[in-house]
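Participant: quick one, structure for this:
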Amino acid sequence: MTILADPSHPGEVLADLFLAPLQMSAGLLARRLGVPRTRIERLVKGETGLTADTALRLSAFFGNTAEMWMNLQRAHDLAAARRAVDVSAIVPLEQAA
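Facilitator: Residues are numbered from 1 along each chain as shown. I've put the predicted structure just below:
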């Protein structure tokens, strides 16, 4: 059995793969994106999730896609839900009949 690590929070990816190599602060990025400084700071700390609005802004700034950013959030959210939600008592439709 292969155990995979949980997907990274999009804020961690932003901090480690984008901001750190550029030596850019969250505050400077926020100014460049036209959003409140706290939005990027909280995202980088993993205190908040990525919104579609922020994904569009990040993709425009970094030259990638909003879908890439949203897929990071989706993967992180699903991993968290798999740890937190117990679906073992749900009977699949084809067995319920």
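Participant: where in this structure is pLDDT low?
Facilitator: The chain contains residues with pLDDT under 70 at 1-4, 96-97.
Participant: run through who's touching the longest helix belonging to it.
Facilitator: Ranked by residue count and defined by DSSP state H, the top helix of the chain is helix 66-84. Residues outside helix 66-84 that contact it (Cβ atoms under 8 Å, 6 or more residues apart in numbering) are 6-10, 13, 49-50, 52, 54-56, 58-59. Backbone N, C-alpha and C define where each C-beta goes, glycine included.
Participant: can you give me the helices in this structure?
Facilitator: Along the chain, counting by DSSP H, helices occupy 10-13, 20-22, 26-33, 37-44, 52-62, 66-84, 93-96.
Participant: what about the third one, distance to the chain center?
Facilitator: This points to helix 26-33. Counting by Cα atoms, centre = their mean, to the nearest Å, helix 26-33 is centred 18 Å from the centre of its parent chain.
Participant: quick one: buried residues of it?
Facilitator: 26, 29, 30, 33 (16 or more other Cβ atoms under 10 Å).
Participant: what packs against it?
Facilitator: If contacts are counted by 3 or more Cβ pairs under 8 Å, 6 or more residues apart in numbering; DSSP states H and E, helix 26-33 sits against helix 37-44, helix 52-62.
Participant: a markdown table for those, including mean neighbour count?
Facilitator: Formatted as a markdown table, those follow (neighbours: other Cβ atoms under 10 Å):
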| stretch | mean neighbour count |
| --- | --- |
| helix 37-44 | 19 |
| helix 52-62 | 17 |
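Participant: for the ones you listed, which one sits closest to residue 21?
Facilitator: Residue 21 sits nearest to helix 52-62 of all those, at 11.2 Å, using Cβ to Cβ.
Participant: contacting residues around the closest one?
Facilitator: 14, 18, 29, 32-35, 39-40, 43, 64-70, 73.
Participant: gap between residue 91 and residue 81?
Facilitator: Separation of residue 91 from residue 81 (Cβ to Cβ, to the nearest Å): 20 Å.
Participant: please apply the same query to residue 10.
Facilitator: In terms of Cβ to Cβ, residue 10 sits 16 Å off from residue 81.
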